[in-house]
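# just a sequence and a predicted model for now, questions to come.
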Amino acid sequence: MILIKRVTSDTLDFEKLVIQLDAYLKILDGDDHAFYAQFNKTNLLKNALICYENNTAVGIGAYKEYDSETVEIKRMFTLPEYRGKGIAKAILSELENWAREENYTIAILETGCLQKDAISLYQKLGYKIFDNYGQYSGVKTSICMKKSLLKNI
């Protein structure tokens, strides 16, 4: 059974999965890891989620305010052995719902160009590639994506 819990980034299970996420990204990002790591500090994330399967923390995600209309999706990760079960989709959907509850209308995110599965997932869920924003402007290894959170009625 899957349960998604709203937490803050200082929750122990969230912190444990962040350690695994950072280890994964260090390998994937190679020499670029230090650059990206500076933007992924979790001590400021008040909107974080943990996905549990049978009481085991298996996935995380979070968002932070980018501006008064926009949230930036951060720290999306599912343990490798739990991938392909819809966990990342469930986490992202819940993050979007939470952002809507707080009256945000746009979600943005950045992912690495080597994270093909993540890019594919985001595109399937309605995210579109757009010009790199903020600290990612001009960074060739970054892919920035955007989605409207307004529900079509």
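Ah, there it is.
# which parts of the chain are strands?
Counting by DSSP state E, the chain has strands at residues 2-7, 47-53, 56-65, 70-78, 106-112, 128-130, 142-148.
# save those as CSV, and put in mean neighbour count too.
C-beta: built from backbone N, CA, C; applies to glycine. Shown next, in CSV, are the strands of the chain (neighbours: other C-beta atoms under 10 Å):
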stretch, mean neighbour count
strand 2-7, 15
strand 47-53, 21
strand 56-65, 22
strand 70-78, 22
strand 106-112, 20
strand 128-130, 12
strand 142-148, 18
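# now those strands in CSV, with distance to residue 14?
Formatted as CSV, the strands of the chain follow (distance: least, C-beta to C-beta, whole Å):
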stretch, distance to residue 14
strand 2-7, 6
strand 47-53, 5
strand 56-65, 6
strand 70-78, 8
strand 106-112, 18
strand 128-130, 28
strand 142-148, 23
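# including mean pLDDT and distance to residue 22, could those strands go into CSV?
Listed next are the strands of the chain as CSV, based on pLDDT from 0 to 100; distance: least, C-beta to C-beta, whole Å:
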stretch, mean pLDDT, distance to residue 22
strand 2-7, 96, 18
strand 47-53, 97, 15
strand 56-65, 97, 12
strand 70-78, 96, 9
strand 106-112, 95, 13
strand 128-130, 97, 25
strand 142-148, 96, 17
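# which other helices and strands does the top helix by length along the chain contact?
For the chain, the longest helix by residue count, based on DSSP state H, is helix 12-29. Under the contact criterion of 3 or more C-beta pairs under 8 Å, 6 or more residues apart in numbering; DSSP states H and E, helix 12-29 touches helix 33-37, strand 47-53, strand 56-65, strand 70-78, strand 106-112.
# gap between that helix and the chain center?
Distance of helix 12-29 from its chain centroid, counting by C-alpha atoms, centre = their mean, to the nearest Å, is 12 Å.
# same question for stretch 63-83.
Remark: stretch 63-83 is offset 2 Å from the chain centroid, using C-alpha atoms, centre = their mean.
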